[in-house]
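**Student:** Okay, predicted coordinates and the sequence, questions at the end:
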Amino acid sequence: MARRPPLRLSDRDLEVATYLAAAKDIDIPALVSRLLRQEAIRHEDFLERQAKKAKQAKKEAEEARIRAELREAAEARRIAEDEAKRRERQQKAEQERRAREEQRRKAEEEARQRDEEFRRRVDEAFRAAFRTPLSADLHLLCLSWPCTSADVRKAQRRAAKTLHPDKGGDTRRMVEINAAADRILRLV
């Protein structure tokens, strides 16, 4: 706040007061007193205006501070909301990832169980084949299980080329080969 100098009359005011006093026979101390009162009033007005300006500036500064605090609070709230949304998205993504991982793990487990079941069945079928006359029939035709009907016919023709009685083979042996082929074809 600007300070005014102490109350005093300027040289010009004193000259005017002296001139008026001489011209109109006015009492100089009364004139000076009146001029000093006017100057005091002007000075009080000046101080009031300065106080009002200071008060207004203080009020504006307080309002600016409050607005800044409100902006900061709103920004902090927005950041907190954004952070909460980000965390929520992360949690959702993590849950989805876990669900996909669980589905993948279940699918792998089911596939593993299916593979184990298939292997078990194949092993059982293979063991059963070698415990039964089928294994002997397969051995007779030089086949392995599993085989197709085309494989069986091919093996039967191959054996017939050498073992057929018309080619100088044994009839009993040819009958065994034909019977074994028929038994295998019934299973295939």
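**Tutor:** Sure, I can see it. Numbers count the residues shown, from 1 in each chain.
**Student:** immediately after the strand or helix carrying Glu81, which helix or strand?
**Tutor:** Per DSSP states H and E: Glu81 is located in helix 28-131. Scanning forward in sequence from helix 28-131 by DSSP H and E, the next helix or strand is helix 133-140.
**Student:** ok, back up a step: now do the helix holding Glu81 against helix 133-140, angle only.
**Tutor:** 80 degrees (axes from the mean of the first three to the mean of the last three CA atoms, to 10 degrees).
**Student:** can you list the domains in the chain?
**Tutor:** Segmentation of the chain into domains, based on automatic domain parsing, reads 11-89, 133-187.
**Student:** deepest of the ones you listed, which one?
**Tutor:** domain 133-187 (a mean of 15; mean count of other CB atoms under 10 Å). Yep, even glycine has a C-beta here, placed from its N, CA and C like the rest.
**Student:** centroid residue for the protein?
**Tutor:** In the chain, the centroid-proximal residue (CA atoms, centre = their mean) is Gln90; its distance is 4.2 Å.
**Student:** Roughly how far does it sit from Arg97?
**Tutor:** 10 Å (CB to CB, to the nearest Å).
**Student:** How confident was the prediction at Ala21?
**Tutor:** Looking at Ala21, its pLDDT reads 64.
**Student:** before we move on, the earlier item: tell me what the helix holding Glu81 is packed against?
**Tutor:** In terms of contacts (3 or more CB pairs under 8 Å, 6 or more residues apart in numbering; DSSP states H and E), helix 28-131 is packed against helix 11-24, helix 133-140.
**Student:** Am I right that Pro165 is in contact with Val175?
**Tutor:** No: with contact defined as CB atoms under 8 Å, Pro165 does not reach Val175; the gap is 9.8 Å.
**Student:** before we move on, the earlier item: tell me which of the domains of the chain lies nearest to Arg119.
**Tutor:** domain 133-187 (13.6 Å; CB to CB).
**Student:** which residues of this protein score low on pLDDT?
**Tutor:** Applying pLDDT under 70 to the chain flags residues 1-10, 13-14, 17-26, 28, 31, 126-132.
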